[in-house]
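Chemist: Next input, structure requested:
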Amino acid sequence: MYAANQTSVSASIPRAMQQTAAPAISLTGAQQNELLRGLSREELIDLFAHLDLVPLEAGKRLFDAGEAMEYAYFPTNAIISLQYVTEDGGAAEVAVVGREGVVGVSMYEGERANCCAVVQTAGYGYRIKSAVLRQAFFGGGALAQQLMRHTSALFAQLAQTVAGVRHGSIEQRLCRWLLERLDRSLSNELKVTQEMIANMLGVRRESITCCAGKLQEEGLIVYRRGTVTVVDRQGMERRAGGCYSPA
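Modeler: Numbers count the residues shown, from 1 in each chain. The predicted model follows:
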């Protein structure tokens, strides 16, 4: 069964992504997601039969606001942005999820998404039918506890985002945005553009350019086209102030 899954996954992965080793399709591979790693071996084995490893390409929309959530995703090395979209098509990020959690959890049959989920950093994740995950949740145990803990953490992240918009400077919000991705990245190098950051923070690109230039002058980051490398994490945390707390 695992060999068959490996063939189907490899065939669907773009050449550029195949150059980077994919997480193994195994219990150990699934445990690269911290929420799944928190389960007992018995619980993970029961769930594993329903998990499929899938490539998550940058820009892929996993679901849109108002859609029924057919699948939930446990990222391993991908980073997913949860965004609120306005009537005029504008988007603002409300939370970000990486290997620590899950997106697309639906605890009620027919429940629809209240935001959209977009892959921001390409990678891989384990996909499961929402109906299967819902059934497992109501079975109790460590999975239910992990999912409730994750939901609580998402609410805390959302509250921090709202507080940052109200009280934080653009520079503080930029630092928080970069740090949140650094928490979920396997390196200190982030593939992002100033335009992407500006759109997610709901500010002008020129403001991000100015703040990023200042952070670079102070030796906190190195910015090249499409890539931000954080070289002084502690300095970034100090600059973020109350806008950021570790994931």
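
Chemist: got a list of what residue 33 touches?
Modeler: Applying C-beta atoms under 8 Å, 6 or more residues apart in numbering to residue 33 gives the contacts 74-76, 99-102, 125-126. All C-beta atoms are positioned from the backbone trio N, CA, C, and that covers glycine.

Chemist: State the mean pLDDT of the longest helix belonging to the chain.
Modeler: Of all the segments of type helix in the chain, defined by DSSP state H, the longest one is helix 141-167. The pLDDT scores in helix 141-167 average 86.

Chemist: buried set for that helix?
Modeler: 143, 146-147, 150, 154, 157, 160-161, 164 (16 or more other C-beta atoms under 10 Å).

Chemist: Surely residue 95 is in a helix?
Modeler: No - the assignment for residue 95 (DSSP: H, G, I helix; E, B strand; the rest coil) gives strand, which keeps it out of a helix.

Chemist: so it touches residue 160, yeah?
Modeler: No - in this structure, residue 95 is not within contact of residue 160 by C-beta atoms under 8 Å, at 9.4 Å.

Chemist: In three-state terms, label the spatially closest residue to residue 151 that is not a sequence neighbour for me.
Modeler: Using C-beta to C-beta, 6 or more residues apart in numbering and skipping residues adjacent in sequence, the residue nearest residue 151 is residue 105, 7.3 Å away. When classified by three-state DSSP, residue 105 comes out as coil.

Chemist: what's near enough to touch residue 105?
Modeler: 69, 72, 130, 133, 147, 150-151.

Chemist: same check, this time on residue 210
Modeler: Counting by C-beta under 8 Å, 6+ apart, residue 210 has no contacts.

Chemist: could you pull out the strands for this protein?
Modeler: Using DSSP state E, the strands of the chain run over residues 52-56, 61-63, 71-75, 79-85, 91-97, 116-121, 123-129, 189-190, 221-224, 227-230.

Chemist: pull the helix or strand with minimum mean pLDDT from the protein.
Modeler: Averaged element by element with mean pLDDT, DSSP states H and E, the chain has its least confident helix or strand at helix 2-12 (a mean of 36).

Chemist: in the chain, which ranges drop under the pLDDT threshold?
Modeler: 1-25, 246-247 (pLDDT under 70).

Chemist: okay, now the domains of it?
Modeler: Under the assignment automatic domain parsing, the domains of the chain span 2-163, 168-243.

Chemist: what's the closest non-adjacent residue to residue 164?
Modeler: residue 243 (4.2 Å).

Chemist: ok, that neighbour to residue 223 distance?
Modeler: Here the criterion is C-beta to C-beta, to the nearest Å. By it, residue 243 lies 20 Å from residue 223.

Chemist: do the same with residue 245
Modeler: If you go by C-beta to C-beta, the gap between residue 245 and residue 223 works out to 24 Å.

Chemist: Show me which of the two is the more surrounded one.
Modeler: The neighbour comparison of residue 245 against residue 223 (other C-beta atoms under 10 Å) goes to residue 223, with 16 against 12.

Chemist: Test my guess that the more buried one contacts residue 211.
Modeler: No - using C-beta under 8 Å as the test, residue 223 is too far from residue 211 to be in contact (10.5 Å).
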